[in-house]
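[1] Predicted model, plus sequence, below.
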Amino acid sequence: MTQLQHSESNIESIESCRDDFPALHQDIHGHSIVYLDSAASAQQPLSVINAVADYHRHDHANVHRGVHTLSHRATEAYEGARDKIQAFINAASRREIIFTSGTTESVNLVAQSYCRPRVGRGDKILITHLEHHSNIVPWQLVCEQTGAELIVVPIDASGQLDLENFDEMLADSVRFVAIAHVSNALGTINPVKDIIAKAGQLGIPVLVDGAQGIPHMDVDVADLGCDFYAFSGHKMFGPTGVGVLYGRESLLNDMPPYQGGGDMILEVSFTGTTYNDLPYKFEAGTPNISGVIGLGAAVDYLQNVGLDRIARHEQELLTYMTNQLAEIKGIKLIGTAAHKASVQSFLIDDIHPHDLGTILDHQGVAVRTGHHCAMPVMEFYRIPGTTRASLALYNNFADIDRLVTALDKARRLFA
Ligand code: 7TS
């Protein structure tokens with residue numbers, strides 16, 4: 001195993017970040033691993049792994065309810081992570097940072113607690129054709145529950161939003177907009193700031209699904225002007241089972257709790273219950289304490305490396321990857337928008353993506369295959385799925401060369 005050098009600081013070059021990730025220093029089927037599936041789940045640096053382990057070793061106790069030292073320590077670390085995230089995304093207040101189990105729960109929370117009580121027959125909820133199922137199904141549920149209608153902004157052949165009729169769509173009874181920052185299947189970066197501004201002029205709140213945005217670019221919720229921003233820990237080098245909902249305080253204040261239980265109350269009696277203040281009103285029950293602490297360490301890590309540096313590095317890699325892949329005989333690139341981040345989907349000849357993924361795995365190359373929880377995107381291209389290579393800060397040019405070599409081998413095997 002290569003030396004694991006960078007725990008907290010002094011990250012000199014982005015190339016050396018790779019040394020911080022233990023999982024990237026192993027062989028798979030006799031080949032050193034090439035991890036190109038970070039859009040599904042990114043690997044964790046040692047600093048995150050250690051933060052979680054240290055908490056379990058020394059500080060584990062429940063939060064917000066103990067007078068003893070361990071509970072104080074756990075609470076301090078948990079709430080400290082909230083402060084880090086507030087600063088990281090430039091939220092106005094720590095009360096706007098709600099810990100959830102991930103993007104999926106964050107979107108469902110807004111769908112049920114904000115939207116459901118506010119929409120009815122004749123109202124529309126607007127999403128786009130390139131959403132992940134997590135930003136489709138929660139809105140379909142609200143529509144079923146309320147009689148509201150779901151409308152969908154179309155995409156063009158490159159995988160870019162077709163915004164030609166957007167203004168008219170928006171002006172026609174839309175009460176809420178939910179849109180991905182970056183498409184997980186296609187890599188398209190959506191013009192979310194423009195969309196939020198247009199919706200804002202009409203007083204329509206916007207939720208941004210930031211699952212694929214936050215690991216790859218500087219996210220500033222004040223600058224974006226969004227009302228809600230949802231993301232997951234495990235896609236930004238943190239643990240699984242933890243995520244964040246950022247919500248504008250004025251909106252969160254007017255929303256009923258999403259779930260009832262411990263910690264979200266001030267007082268309970270059989271005649272009625274007084275809810276806790278923000279953000280605790282939305283954090284019922286014992287939270288994922290170690291996950292939140294790990295997420296705080298992931299934020300430290302990202303800030304140490306620097307989002308600008310990450311974005312530059314990944315853009316160089318993406319350009320190289322796209323150009324190299326385009327050279328492969330029989331390849332069809334899916335998702336060729338002008339503004340993209342970190343992802344390339346493709347098909348080669350008529351090789352089934354699962355077969356291709358399996359052959360790549362045998363050469364140590366990890367990619368995701370299938371519909372990527374974006375079935376409407378696959379339907380648009382009339383394909384059952386794709387093979388998807390996704391990049392993160394720890395990838396390098398050699399990883400892409402290994403991918404291309406492995407694809408060549410697969411193509412020859414099937415020829
Ligand atoms: N939104 C987007 C844009 C996503 O990419 C994902 C997960 C989610 C929401 C859901 O996140 P979760 O953490 O709540 O599950 N995307 C993927 C993917 O591309 N491959 O596996 C999971």
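    Structure received. Numbering: from 1, shown residues only.

[2] Would you state the helices of the stretch 151-300 of the chain in chain order?
    Under the criterion DSSP state H, counting those that start in this stretch, the stretch 151-300 of the chain contains helices at 166-171, 192-201, 221-224, 249-253, 289-305.

[3] most tightly surrounded among those helices?
    Among the helices of the stretch 151-300 of the chain, ranked by average contacts under mean count of other C-beta atoms under 10 Å, first place goes to helix 289-305 (a mean of 24). Where C-beta positions appear, they are placed from N, C-alpha and C, glycine not excepted.

[4] Could you confirm whether it reaches the ligand?
    No: for helix 289-305 and the ligand, the contact criterion (C-beta under 6 Å from any ligand atom) is not met; the two come no nearer than 11.7 Å.

[5] so where's the protein shaky on pLDDT?
    1-11 (pLDDT under 70).

[6] What residues does it have near the ligand?
    39-40, 102-104, 132, 134-135, 180, 184, 209, 211-212, 232, 368, 372-373.

[7] could you redo the helices of the stretch 151-300 of the chain as JSON lines and give each row distance to residue 237?
    Formatted as JSON lines, the helices of the stretch 151-300 of the chain follow (distance: least, C-beta to C-beta, whole Å):
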{"stretch": "helix 166-171", "distance to residue 237": "34"}
{"stretch": "helix 192-201", "distance to residue 237": "22"}
{"stretch": "helix 221-224", "distance to residue 237": "20"}
{"stretch": "helix 249-253", "distance to residue 237": "27"}
{"stretch": "helix 289-305", "distance to residue 237": "4"}
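
[8] of all the ones you listed, which lies closest to residue 408?
    helix 289-305 (32.2 Å; C-beta to C-beta).

[9] other SSEs contacting the next helix-or-strand element following that closest one?
    Of the helices and strands lying after helix 289-305 in sequence (DSSP states H and E), the nearest is helix 307-326. Applying 3 or more C-beta pairs under 8 Å, 6 or more residues apart in numbering; DSSP states H and E, one finds that helix 307-326 contacts strand 331-334, strand 343-348, helix 397-414.

[10] Packing partners of the longest one?
    By that I understand helix 397-414. strand 34-35, helix 307-326, strand 343-348, helix 353-362, strand 365-366.

[11] before we move on, what about the first one?
    In terms of contacts (3+ C-beta pairs under 8 Å, 6+ apart), strand 331-334 is packed against helix 307-326, strand 343-348.

[12] let's see 10 Å
    helix 307-326, strand 343-348, helix 375-381, strand 386-390 (3 or more C-beta pairs under 10 Å, 6 or more residues apart in numbering; DSSP states H and E).

[13] Wasn't residue 77 part of a helix?
    Yes: under DSSP: H, G, I helix; E, B strand; the rest coil, residue 77 falls within a helix.

[14] ok, now which ones touch it?
    51, 54-55, 59, 63, 289-290, 292-293, 296-297 (C-beta atoms under 10 Å, 6 or more residues apart in numbering).

[15] Out of those, which is nearest to the ligand?
    Relative to the ligand, the closest of the contacts of residue 77 is residue 292; by C-beta to the nearest ligand atom it sits at 14.7 Å.

[16] how about that closest one, what does it touch?
    Residue 292 neighbours (C-beta under 10 Å, 6+ apart): 52, 55, 63, 74, 77-82, 85, 99, 233, 238-239, 242-244, 283.

[17] now residue 409
    Counted by C-beta under 10 Å, 6+ apart, residue 409 has contacts 359-360, 362-363.

[18] Can you flag the buried ones in these?
    359-360, 363 (16 or more other C-beta atoms under 10 Å).

[19] can you give me the strands for the stretch 151-300 of the chain?
    For the stretch 151-300 of the chain, applying DSSP state E, counting those that start in this stretch gives strands covering 174-180, 206-209, 228-232, 243-247, 265-269, 272-275.

[20] Now render those strands as a markdown table, adding distance to residue 35.
    Below are these laid out as a markdown table (distance: least, C-beta to C-beta, whole Å):
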| stretch | distance to residue 35 |
| --- | --- |
| strand 174-180 | 23 |
| strand 206-209 | 23 |
| strand 228-232 | 18 |
| strand 243-247 | 21 |
| strand 265-269 | 43 |
| strand 272-275 | 43 |
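
[21] need those in CSV with mean neighbour count, can you?
    Listed next are these as CSV, based on neighbours: other C-beta atoms under 10 Å:
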stretch, mean neighbour count
strand 174-180, 24
strand 206-209, 27
strand 228-232, 29
strand 243-247, 29
strand 265-269, 11
strand 272-275, 12
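
[22] Quick check: which of the ones you listed is nearest to residue 160?
    Of all the strands of the stretch 151-300 of the chain, it is strand 174-180 that lies closest to residue 160, at 12.6 Å by C-beta to C-beta.

[23] by contact count, what packs against that closest one?
    Secondary elements touching strand 174-180 (3+ C-beta pairs under 10 Å, 6+ apart): strand 124-128, helix 137-146, strand 149-153, helix 192-201, strand 206-209, strand 228-232.

[24] Surely residue 191 touches residue 339?
    Yes: with contact defined as C-beta atoms under 10 Å, residue 191 reaches residue 339; the gap is 8.0 Å.

[25] anything in contact with each of these two?
    With C-beta under 10 Å, 6+ apart, residue 191 and residue 339 have common neighbours residue 160.

[26] ok, those two, which is more surrounded?
    residue 191 (16 against 11; other C-beta atoms under 10 Å).

[27] give me every residue that touches that one.
    Neighbour list for residue 191: 160-161, 163, 166, 179, 197-198, 339 [criterion: C-beta under 10 Å, 6+ apart].

[28] same check, this time on residue 293
    For residue 293, the contact set (C-beta under 10 Å, 6+ apart) comprises 48, 51-52, 54-56, 59, 74, 77-78, 80-81, 238-239, 242.
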